[in-house]
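*Asks:* the following comprises the amino acid sequence and a computationally predicted model.
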2 protein chains.
Amino acid sequence: MTWGGIEAGGTKFVCAVSKAPPRLDARVEIATTTPEETLAKVIAFFREWRDLRSIGIGSFGPLGLDPDSPAYGLVTHTPKDGWQATPLVAPLEQALGVSVALDTDVNAALWGEHRHGALRDHRTALYLTVGTGIGGGALVDGRILHGASHPEMGHQRVPQPKGDAFPGICPFHGACWEGLASGPAMQRRWAAPPESLADDHPAWRIEAELLALGLANLVLTVAPTRVVLGGGVGTRSGLRERVSQQLTTVLAGYVRDPAPDTLLVAPALGGDSGVVGAIELGRA
Amino acid sequence: MTWGGIEAGGTKFVCAVSKAPPRLDARVEIATTTPEETLAKVIAFFREWRDLRSIGIGSFGPLGLDPDSPAYGLVTHTPKDGWQATPLVAPLEQALGVSVALDTDVNAALWGEHRHGALRDHRTALYLTVGTGIGGGALVDGRILHGASHPEMGHQRVPQPKGDAFPGICPFHGACWEGLASGPAMQRRWAAPPESLADDHPAWRIEAELLALGLANLVLTVAPTRVVLGGGVGTRSGLRERVSQQLTTVLAGYVRDPAPDTLLVAPALGGDSGVVGAIELGRA
């Protein structure tokens, strides 16, 4: 039997199949263009696998995740041009005749790390990605947290460092966490791509402070036993250690178990947390 | 059969028994003095009930809630004089010969509202109390969220209103949410008890703003379908409506379902959410 998974992103769709996750038997990256063109290529990839049993999708959003809602299975009010109200589940089910599961990109990555990675022995945990945006998924008592909708942790408000007047770049909230600390926010603030900023650039001190403030709020709310920090900015060499230090400072002795400087870890599945998690979401 | 419950607070212990919750057959308030004196009076109250089957406790904290830890059943590193490392569960079990369950005061109130009050038809929800402190409990998929420890949502960081230089009063974090917006924080800021401030005093505008900011963070993290706002300050007449308005402004269209101005409700059990919830925690 073969199981499929899709990590659906704003710039590319990563599609993979596996007979024994987390090992991938095939993996392809498809550029995200129009929904029609993109999904046609996705379907063509999976059609090759005759014993395909299921597909799981971890997607950018916001998504309709309530099975009783007419919006189920859609990308809903996304800012991404052409993708508003785009069905993801139905076209794949119809074209491939398999069951299709859907969750957010971060929930898929969370699930991948829980099933096969850094969160394997953890029942209450977070997966946080810091890159083109900031997104988070929460595992509570071994299950992915879904409430009224999926969480949008990246849009929480945090205090800005003293004297900092950067207005933030979030089109909804200006200086929310994502608006202050995502990759594009760093780019706007420093007029340079984050990856070009040297390790001793003040940008990284401010970034570590901002990430620690938001992370402290999440830790105080969900009480995770471990947090995976992923994403292009989140996995920048040296940053995780600085955030851990700052987190200890921000919590100021209030959370002791586990010690705040042991909470944060890197994704064990590297760049494949999302697609491996998507495969496992489909199998469930 | 009779079930008992205790809402253990820093100023009083509310003890009650019930044969058919949420109706209370007896209810007593015992001043919180030393642990020995207070618990002796608590035990004396419950000893009168021969068919007592269980006791649930919703307590101030922090608490040891991990059954595998030596700190289980204790009030741990509380700032309350004389109560550090005080066992709550063991003395009651020994004296009364019944099983004793323990959770935080806010989790008990959350559970009371879930079983018999405003959260009855909700599976993912929050109970928030704003009074001598700010505390929160989360219901996720019908169960009380317990992670590494119980949440400490009141200690999250939120931005201060523009130009506001109030340093906050939290001994751990200064200007955290509780440090800025609890009853004692209002008292310090305005040099008057909150209940003495008129409805048109600017204090209430700032309080509503601060509460909405922290609440927005919780909503974005847990995605609740309803939030109960309790506590001496939280139930101040007119405040909930102002917080709801501000919450809509802060979320800025990002959370649509449920509409932010319908999320917040008053406790349906009034001042008995905690003790009724404690009774139900013991029955479980």
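*Replies:* Done, it's in.

*Asks:* now the strands for the stretch 151-284 of chain A?
*Replies:* With DSSP state E, counting those that start in this stretch as the criterion, the stretch 151-284 of chain A has strands at A:226-230, A:264-265.

*Asks:* identify the residues contacting the last one?
*Replies:* Okay, so that is strand A:264-265. A:118, A:215, A:226-229, A:240, A:243-244, A:247 (C-beta atoms under 8 Å, 6 or more residues apart in numbering or on different chains). For the C-beta atoms, the positions are set from N, CA and C on the backbone; glycine is no exception.

*Asks:* any idea how far that strand is from the chain center?
*Replies:* Here strand A:264-265 is found 15 Å from its chain centre; the criterion is C-alpha atoms, centre = their mean, to the nearest Å.

*Asks:* what of stretch A:169-183?
*Replies:* For stretch A:169-183, the distance to the chain centre is 16 Å (C-alpha atoms, centre = their mean).

*Asks:* ok, back up a step: out of the strands of the stretch 151-284 of chain A, which is closest to residue B:273?
*Replies:* Within the strands of the stretch 151-284 of chain A, the stretch nearest residue B:273 is strand A:226-230; the backing value is 31.4 Å (C-beta to C-beta).

*Asks:* any idea of the mean pLDDT in that closest one?
*Replies:* When pLDDT is averaged over strand A:226-230, the result is 98.

*Asks:* that one pairs with which strands, parallel or anti?
*Replies:* Looking at strand A:226-230 with DSSP bridges, its partner strands are strand A:125-130 (parallel), strand A:264-265 (parallel).

*Asks:* tell me the pLDDT at the residue in the stretch 1-150 of chain A that chain B sits nearest to?
*Replies:* Closest approach between the stretch 1-150 of chain A and chain B, counting by C-beta to the nearest C-beta: residue A:147, at 3.0 Å. On pLDDT, residue A:147 comes in at 90.

*Asks:* which residues does it contact?
*Replies:* B:124, B:140, B:222-225.

*Asks:* one more time with 6 Å, if that's ok
*Replies:* B:124, B:222-224 (C-beta atoms under 6 Å, 6 or more residues apart in numbering or on different chains).

*Asks:* again with residue A:115
*Replies:* Residue A:115 neighbours (C-beta under 6 Å, 6+ apart): residue A:280.

*Asks:* you'd agree it is in a strand?
*Replies:* No - when classified by DSSP: H, G, I helix; E, B strand; the rest coil, residue A:115 is found to be helix rather than part of a strand.

*Asks:* for residue B:115, see how far away residue A:142 is.
*Replies:* Counting by C-beta to C-beta, to the nearest Å, the gap from residue A:142 to residue B:115 is 23 Å.

*Asks:* and for residue A:169?
*Replies:* Distance from residue A:169 to residue B:115, by C-beta to C-beta: 44 Å.

*Asks:* how about the residue of the stretch 1-150 of chain A closest to chain B, nearest residue that isn't a chain neighbour?
*Replies:* Distances taken as C-beta to C-beta, 6 or more residues apart in numbering or on different chains place residue B:223 nearest to residue A:147, at 3.0 Å, with adjacent residues excluded.

*Asks:* tell me the residues of chain A that contact chain B?
*Replies:* Residues of chain A lying near chain B by C-beta under 6 Å from any C-beta of the partner chain: A:124, A:140, A:145, A:147-149, A:151-153, A:155-159, A:172-173, A:213, A:217, A:220-225, A:252, A:254, A:258.

*Asks:* model confidence for residue A:254, exactly?
*Replies:* 81.

*Asks:* residue A:237 now?
*Replies:* Reading off the model, residue A:237 has pLDDT 94.

*Asks:* the residue lying closest to it once chain neighbours are set aside - how many residues pack around it?
*Replies:* Distances taken as C-beta to C-beta, 6+ apart put residue A:199 closest to residue A:237, at 7.6 Å, once the chain neighbours are dropped. Residues contacting residue A:199 under the criterion other C-beta atoms under 10 Å in any protein chain shown number 11.

*Asks:* kindly report the same for residue A:214.
*Replies:* 29.

*Asks:* confidence score at the residue nearest to residue A:237?
*Replies:* pLDDT for residue A:199: 95.

*Asks:* indicate the residue of the stretch 151-284 of chain A located nearest to chain B.
*Replies:* Counting by C-beta to the nearest C-beta, the stretch 151-284 of chain A gets nearest chain B through residue A:223, at 3.0 Å.

*Asks:* the stretch 101-250 of chain A: helices as residue ranges?
*Replies:* For the stretch 101-250 of chain A, the helices defined by DSSP state H, counting those that start in this stretch occupy A:105-116, A:177-181, A:183-190, A:202-222, A:239-251.

*Asks:* distance from the chain centre to the longest one, please.
*Replies:* Right, helix A:202-222. Its chain's C-alpha centre and that of helix A:202-222 lie 17 Å apart, by C-alpha atoms, centre = their mean.

*Asks:* quick one: buried residues of that helix?
*Replies:* Neighbour-count burial for helix A:202-222, with 16 or more other C-beta atoms under 10 Å in any protein chain shown as criterion, is recorded at A:203-204, A:206-222.

*Asks:* low-scoring stretches of chain A, by residue?
*Replies:* Judged against pLDDT under 70, chain A has no low-scoring part.

*Asks:* quickly list the domain ranges of it.
*Replies:* A:2-108+A:274-283, A:118-266 (automatic domain parsing).
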